[in-house]
Each structure stands twice: as structure tokens, then as C-alpha cells.
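In: got a sequence here, can you model it:
(2 chains)
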There are 2 protein chains.
Amino acid sequence: MEFIQQTFSVDYSFKVFFTRYLFNPANAEFRNYLVSQTTPGLTKKLLFIVDDGVAKAHPALATEITTYLQQIEGFKLAGEIEIVPGGESCKNDQELFYHLVDLADTLAIDRHSFVVAIGGGAVLDMVGMVAAVSHRGVRHIRIPTTVLSQNDSGVGVKNGINYKGKKNFLGTFAPPAAVFNDAHFLTTLPARDWLSGISEAVKVALIKDASFFEWLEENATALVNNDLAVMQELVYRCAALHMAHIGGSGDPFESGSSRPLDFGHWSAHKLEQLTDFALRHGEAVSIGIAVDSVYSSLLGWISTESAERIVNLLVKLQLPVYHPLLEMKDGKPSPVVKGLQEFREHLGGRLTICLLKAIGVGAEVHVIDEMLLNEAVQHLKVNHASI
Amino acid sequence: MEFIQQTFSVDYSFKVFFTRYLFNPANAEFRNYLVSQTTPGLTKKLLFIVDDGVAKAHPALATEITTYLQQIEGFKLAGEIEIVPGGESCKNDQELFYHLVDLADTLAIDRHSFVVAIGGGAVLDMVGMVAAVSHRGVRHIRIPTTVLSQNDSGVGVKNGINYKGKKNFLGTFAPPAAVFNDAHFLTTLPARDWLSGISEAVKVALIKDASFFEWLEENATALVNNDLAVMQELVYRCAALHMAHIGGSGDPFESGSSRPLDFGHWSAHKLEQLTDFALRHGEAVSIGIAVDSVYSSLLGWISTESAERIVNLLVKLQLPVYHPLLEMKDGKPSPVVKGLQEFREHLGGRLTICLLKAIGVGAEVHVIDEMLLNEAVQHLKVNHASI
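Out: Residues are numbered from 1 along each chain as shown, chains lettered A, B, ... in the order given. Have a look, this model is predicted:
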């Protein structure tokens, strides 16, 4: 048996910046970053792609960006600032995807240029995929504008678009060149988006950090009351926990089946799809956390009191904890249970679901008892369905 | 300035096997590999995608594969063995690309399944891209069937499809799970494909290994006379040199602008495109090697005798060393010179072209003198245009 063994490592490194008023000329963060990326004698291009929701809420943004860049040598805008529709539906839009690929082609975006995406998680996912496959990967800067994208998806290493209704069926793992979290964008979010992004913080606290969970309990009222300073702390701590997991897990590109960060997500993905994305991702995750927490208590892994604390925090945060689609009907499995199979398929291999051993401690199971699951759902229905 | 630094490494490891009659039941290589990938309790799927040229030349192949797999527990064929058109045009066929994505979806190929591609470089590039983006990357086994793909592209880490005529505009870096080079496939290659794949061996010898160049000179007649044992040695040595460069370069995913393996390729890519792929990749590379070798001698980097040795070897291998599209017309730059700009763009940043300091030693330049280039072309035209 003759063979040649190939072995190598690829090192990845990027910073996530936390700032406010990123394109105010007095703010040096973005400028300093670009200057650090200068190559003498070369003018590098920046292709900006902006979520239309952000563009509407910040009508001066395009002018601010253009003015801001004029002070920086060695960089220039590639073409016009491109506005694209935001929200999950943009990830279904193949025409939009290829329109952006066309832009990368016609504007001669090369592998020393930057594609800069400003928007919510869906726009970041789609633009990230465009950047990841054009010229086998051009540099990509993310500027997430929602709680969810600033504290979770935007600081991670994934991108993706939907294919024939299957969420993220097409995508890659491609770390960004840099991420800039600008808290000012959070101030113009609709209430639903402000609140629903918090569920990822509850999730990561539950599997990783009991003290962060306690902090969330203490600060739930301030969060509901739109306290930006408190939200900034939440975003920072949540992003830090997500990043530490990705960087420290030994499996940043998820070659195995273990995905603790997907706690509460198996049912959430299916609920989003079944409701045709009428539920926000964060709302679906809140329901998924509630179900899997109560399920963990029915397994005897956490106390009933712990499960109640979790559900009560979600309720206090005005997040949903129940949905009728979770229920068995006429003795038949709930339609959400089909999500278990799809989740297994997306993971590949064995079903691996993260549950709770304690607040702050996740642990995995490879099977879900449908009757016990239904008991958890009934418990939430009886106690919290009116929420 | 507040920021979180993310840093991690991803380790890649795969074997390239050299064998003959891969799907003969007596050949244990493929079986042993699959057995090493077994997960207890799990039946893993194999989606086979076969180049139609290979399927025609090996009509029993599908039956052989099906029979071979029946002996292996824990694995099964996903659907039928899929036959796809081969050659560069398959990389322009977006419909075919999405047809294969559809197969990955409908056959529920998950991240523990394998997509197995059997064919020439174009089919491997396209199927590699399908595998790289489905579920953010499913496992991919390559079975290259041409000299070119067995000694170069098939053992590397790139995939890609063309977009609006731009070669490999869309693609990723995604190392395969394993590669199997079966020498038997080489015996049914058309003469042009047998010979043209040798130019990548000449290329890598010139920039990395003078003794391999001498070996090529000594064995040119045997290669032209279809000596399979000699070709197997060529494929092994050439693959080993390519793999050592990729694994040892410190930049396997080409984040920088340096691409010594692209010696002779800047003009080759453009010639292929301008001739609408009437020139084989290997033939275009042969011309590119000849031009850049004579150019290296006109720069005084290598002796005239060395340049002649190189050109003579290519000629002895019945490979072309000149093309009319290389010439200046009416004092205007040759259309191939536009390839320099496109090559720079694909690399990103500064133009970086590998030339020769000696046989076996490459060195980089950042500018090409068009008049000197034309002199090199004229030299080849006058001395070798009849070839």
C-alpha cells in the first residue's frame, strides 16, 4: 500500500471590536484597522453591502461612510454602496446572491479587497457566503447591527444561504477579517429584535456560565426597559462566551457532531421553518430553551426550581416559551419532532442534543423520548401558554 | 479601544493512495480506507459522481463499484451512480452544479457521508465545490483519472467552477478526505490527455527539483511510447512535489500573492480562455513554461542552453511551445498580456510571477517587460513554430 500523507494547519486570527458611532470621523477604530491592512503602493477596494432596514433607520449612513473613507489613504470604495433587502428571505434569493457575485466580478474585487457587510444576521450570512466563494475567498468585514448578530452569529465563523427552503443548506466556514460591533445600531432596532436577540445570551449562559445567567436575571428589567449600557455588557459577555467556545473547542469548523452552542436549537430551527419565519430566530430559540430546560428537569438532570427559573427569566424578557406546533395531535408526533431527524442530518452521524446538567453546565444526549418531550410541552402550555 | 481577539488553528490531514484496479475485489485499499472511517451503529452513504468519459471508457465501472461496496459493512451507495459530462465545459454549467446540490439534498447526504468524484480535473473541481458548500462541507473523496489530475490538481486543496467565462471565479479551499490515484484509468486516456498532463511535471521539476527534470529528459521517449510504469513514477514524484509545497509552504490556502506552483500559468490561463479551451490546460501550460523559460534566459537568470533544454524536452514530449495569440500585432500588446492583469487580480494585490533562476529553482518578479516578452515569443516562433 503506497500513499503520501498530507498534513498541515491553517491559522486563523481576527478581532471583534466593540464601539459606538463607528463612522463618526472622531472614531478611529475602523480607520486604525484599515491602516493596519495597508500595503505600500496598493489601493485596496472596499465593497459595502448594507441591509435595507439599517439604511432606512440610518439615512445618513452612506454619506458618513463615504466621508469617513476619504480620510484614509490606500483604500477606496468599490462602486456605490449597495443596499440589499434584509431578513431571512434574502437568504432564499438566489438572484440577489448572484447579483452580489456579479458585483464582486465587475468591480474587480480581488483577494486584497474587502467586502464589508452591514446588517442583521441574514444579510451577514448571505454576504459572507458571497465573499467566501468569490476568488475562493476574499476578505470580509462584518458590521452586525442586531443584538443577535452582535452577540452570536456575527462573531462566529459560519456563513450560509438557504436552498429550496432548507436553512443554511449551502454555506462554508470562513472566519471574517474583522468584526465591528457598533452599539448605536441597536438603538434603532424594533422592540422584537432588541428582545429576541437576548435568547442567545440566555442559551450560552445556561450551558457555559452560571454567573452570567444570574446577571441576566438581575438585569432583565433594565433590558426590557431598553437600557443600552446594560445591553452593551450583555453583547460583550455573550460574544466572548461564543468566541471562547469556537476558539477553544478544538473543532471550530464543526467536523464532529457535538454542537453545545446549538442548545435549544433543534426545535427552534424547525419552528422557524414551520411558521414560515413568522417567529424570529431568537423567539424560536427562547421556546427551544424552555422546552429543553423543562425536558432536562423531567429527566432529573436539573431541579424543577432551576427549570422554573429559566422559564421565568425568558417570560420576564417578554420572550415566548410555548408554541402550539410543539404538541402531539391525536397521538401522532408533533411536527416539530421531525426537526430531530433534520438536525441529525445537518450534524451528520449520530443525533447529539445538548441538555442541561445544571444552570451553566450543558451535557449531551443521543436520544429524545417523545412522550417525555410532550410532557415538557404540556407543562409549558398549562403554565405559560397565555404569554 | 475594546476588542476580543479570536485565534485558532484548523488541522487538515489526508492520504493520497497510489494503486491499480481500485474496485477489483482483490484490491483492499478503498475497503481499508472506508473501514477506517466506520462509526459503530451508523451506515454511511457514498454518492458516486462519474465523468462520462471515464464511464464510456470503463463500461463495467458502475457494476464493479456496486459489487465492491457490497462487501463493506457500514457503508452503502446513496442513490444511483451519477454520470456527468466531463471537460472544462462542465464547470460552466450552473444547472449541472445545482442538479448535484439537489442530489446531495434529496439523498440526504450528511456530514458523515461521502461524495466520491471519479474523473478528470474539471469534474473533480466542480464536484469538489458541490461537496464543499453542501451542509457547509461534506466529506469528499477524489478519484482522479487523468495524468493532470493525478499528479497535480486532484491531490491539492482547491475546487471551483467558472462564472460568466471566468475560470474558477467561484470556489473554495477544501482538502479532500482522501485521494485514490488508480493507474489503470490512465491506460484509456486519449493520447493528447496522456501527454498534456506531463507539462505539470515539467513545471514542478523546473521550480523545485533539478533531478526530477533530468529524470524527465531521460524518460521522455518512454513517456511518449505509453510506458505505464514510467508514467506511474512520474505521477508519484509530481504529486509528492505538489503536496510537499502545499503542506510545507506555510500558506496552503494561498492568502498571500506568492504562487510558485503557477509557474508558466499566467499566460496559460489566458490562452485557454482565448482559444475557448481548444487548448488543453496542459498544452497551454507547456506553452507558458516555454515562454517564461526563454524570458528567464533573456533576463539573464538562466543560460540560453538551459532554456533550450527545457524547450527541447517539451518538444520531445510532443507538447506545443508557441501560439500565435502570444504575438504583438501592429505594435499593440498581445491579447495574452491582458492575462497578466487578470492573474494579478486573481492573486490579489501585487503581480507576482514565478520565473527560473536555474533548472530546479524558481524566483519571483513583480513586473513583466512586454518587449522582452515579445522577444521570447519571437524566439519560440522562429525556432519551434512548426512543432
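In: where does the stretch 251-387 of chain A come near chain B, residue by residue?
Out: A:Pro252, A:Phe253, A:Glu254, A:Ser255, A:Ser257, A:Arg344, A:Glu345, A:His346, A:Leu347, A:Gly348, A:Gly349, A:Arg350 (C-beta under 8 Å from any C-beta of the partner chain). No exception for glycine: its C-beta is placed from N, CA and C like everyone else's.
In: out of those, which are buried?
Out: Buried by 16 or more other C-beta atoms under 10 Å in any protein chain shown: A:Pro252, A:Phe253, A:Glu254, A:Ser257, A:Arg344, A:Glu345, A:His346, A:Leu347, A:Gly348, A:Gly349, A:Arg350, out of those.
In: for these, give me TSV that also has distance to A:Ile49.
Out: Formatted as TSV, those follow (distance: C-beta to C-beta, whole Å):
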residue	distance to A:Ile49
A:Pro252	25
A:Phe253	24
A:Glu254	26
A:Ser257	33
A:Arg344	34
A:Glu345	31
A:His346	27
A:Leu347	30
A:Gly348	31
A:Gly349	35
A:Arg350	38
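In: how much space between A:Ala132 and A:Thr172?
Out: Distance of A:Ala132 to A:Thr172, given as C-beta to C-beta, to the nearest Å: 5 Å.
In: that older thread, of the residues of the stretch 251-387 of chain A next to chain B, which belong to helices?
Out: Judged by DSSP state H, helices contain the following of those: A:Arg344, A:Glu345, A:His346, A:Leu347.
In: and of those, the nearest to A:Gln378?
Out: Within these, proximity to A:Gln378 (C-beta to C-beta) peaks at A:Arg344, which comes in at 24.7 Å.
In: number of residues surrounding the nearest residue to the closest one once chain neighbours are set aside?
Out: Of all residues not flanking A:Arg344 in the chain, A:Leu351 sits nearest, at 4.2 Å (C-beta to C-beta, 6 or more residues apart in numbering or on different chains). A:Leu351 has 17 neighbours, counted by other C-beta atoms under 10 Å in any protein chain shown.
In: same check, this time on A:Asp11
Out: The burial count for A:Asp11: 10, using other C-beta under 10 Å.
In: just to be sure, A:Val321 is in a strand?
Out: No. Using DSSP: H, G, I helix; E, B strand; the rest coil, the assignment for A:Val321 is coil, not a strand.
In: enumerate every residue touching the closest residue in space to it that isn't next to it in sequence.
Out: Among residues not flanking A:Val321 along the chain, A:Ala290 sits closest, at 3.7 Å (C-beta to C-beta, 6+ apart). Contacts for A:Ala290 (C-beta atoms under 8 Å, 6 or more residues apart in numbering or on different chains) come out as A:Ile310, A:Val311, A:Leu314, A:Val321, A:Tyr322, A:Leu380, A:His384.
In: for the helix or strand the third one falls within, what is the distance to the chain centroid?
Out: It refers to A:Leu314. In the assignment (DSSP states H and E), A:Leu314 maps to helix A:304-316. Distance, stretch centre to chain centre, for helix A:304-316: 23 Å (C-alpha atoms, centre = their mean, to the nearest Å).
In: now for it, which elements pack on it?
Out: helix A:198-208, helix A:210-224, helix A:281-298, helix A:370-384 (3 or more C-beta pairs under 8 Å, 6 or more residues apart in numbering or on different chains; DSSP states H and E).
In: okay, the ones you listed in TSV with distance to A:Val230 next?
Out: Shown next, in TSV, are the helices and strands packed on helix A:304-316 (distance: least, C-beta to C-beta, whole Å):
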stretch	distance to A:Val230
helix A:198-208	11
helix A:210-224	4
helix A:281-298	17
helix A:370-384	25
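In: can I see the domain layout of chain A?
Out: As given by automatic domain parsing, the domain ranges for chain A are A:15-188, A:191-384.
In: ok, which of these comes nearest B:Asp227?
Out: domain A:15-188 (36.3 Å).
In: right, is the closest one up against chain B?
Out: Yes. Applying C-beta under 8 Å from any C-beta, one finds domain A:15-188 touching chain B at A:15-19, A:28-29, A:32, A:39, A:41-42, A:101-102, A:105, A:108, A:110-113, A:132-138, A:155, A:158, A:160, A:163-164, A:166, A:168-173, A:175.
In: next secondary structure element downstream of the helix or strand bottoming out on mean pLDDT in chain A?
Out: Ranking every helix and strand in chain A by mean pLDDT, DSSP states H and E puts helix A:338-347 at the bottom, with a mean of 77. The element immediately downstream of helix A:338-347 (helix or strand, assigned by DSSP H and E) is strand A:353-358.
In: how far is stretch A:139-147 from where the chain is centred?
Out: 11 Å.
In: same question, stretch A:87-95
Out: Centroid separation for stretch A:87-95 versus its chain: 16 Å, with C-alpha atoms, centre = their mean.
In: for it, which positions count as buried?
Out: A:Gly87, A:Glu88, A:Cys90, A:Lys91, A:Asn92.
In: how about stretch A:283-299?
Out: A:283-298.
In: CA atoms only: put that stretch into CSV for me.
Out: What follows is stretch A:283-299, C-alpha atoms only, in CSV (Å, rounded to 0.1, in the frame of the first residue of the first chain):
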residue,chain,number,x,y,z
GLU,A,283,-38.1,33.8,19.7
ALA,A,284,-37.9,30.3,18.4
VAL,A,285,-34.7,29.8,20.4
SER,A,286,-36.4,31.0,23.5
ILE,A,287,-39.1,28.4,23.0
GLY,A,288,-36.4,25.8,22.3
ILE,A,289,-34.6,26.7,25.5
ALA,A,290,-37.8,26.5,27.6
VAL,A,291,-38.7,23.0,26.1
ASP,A,292,-35.2,21.6,26.6
SER,A,293,-34.9,23.0,30.1
VAL,A,294,-38.1,21.5,31.3
TYR,A,295,-37.2,18.3,29.5
SER,A,296,-33.9,18.3,31.4
SER,A,297,-35.8,18.7,34.7
LEU,A,298,-38.2,15.8,33.7
LEU,A,299,-35.0,13.7,33.1
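In: got a list of contacts for stretch A:307-318?
Out: A:195, A:198-199, A:202, A:206, A:213, A:216-217, A:220-221, A:223-224, A:286, A:289-290, A:293-294, A:296-297, A:320-321, A:359, A:380, A:383-384, A:387.
In: of those, buried ones?
Out: Buried members of the contacts of stretch A:307-318, counted by 16+ other C-beta under 10 Å: A:195, A:198-199, A:202, A:206, A:213, A:216-217, A:220, A:223, A:286, A:289-290, A:293-294, A:296-297, A:320-321, A:359, A:380, A:384.
In: and the spatially closest residue to A:Asp251 that is not a sequence neighbour, what is it in contact with?
Out: Nearest residue to A:Asp251, sequence neighbours excluded (C-beta to C-beta, 6+ apart): A:Ser258, at 7.3 Å. When contacts are counted by C-beta under 8 Å, 6+ apart, A:Ser258 touches A:Asp251, A:Thr352, A:Glu364.
In: ok, of these, which one's closest to B:Thr66?
Out: For the contacts of A:Ser258, the nearest to B:Thr66 is A:Thr352 (31.8 Å; C-beta to C-beta).
In: local confidence estimate at that closest one?
Out: For A:Thr352, the pLDDT comes out at 89.
In: check contacts around it.
Out: A:Ser257, A:Ser258, A:Arg259, A:Arg344, A:Glu364, A:Val365, A:His366.
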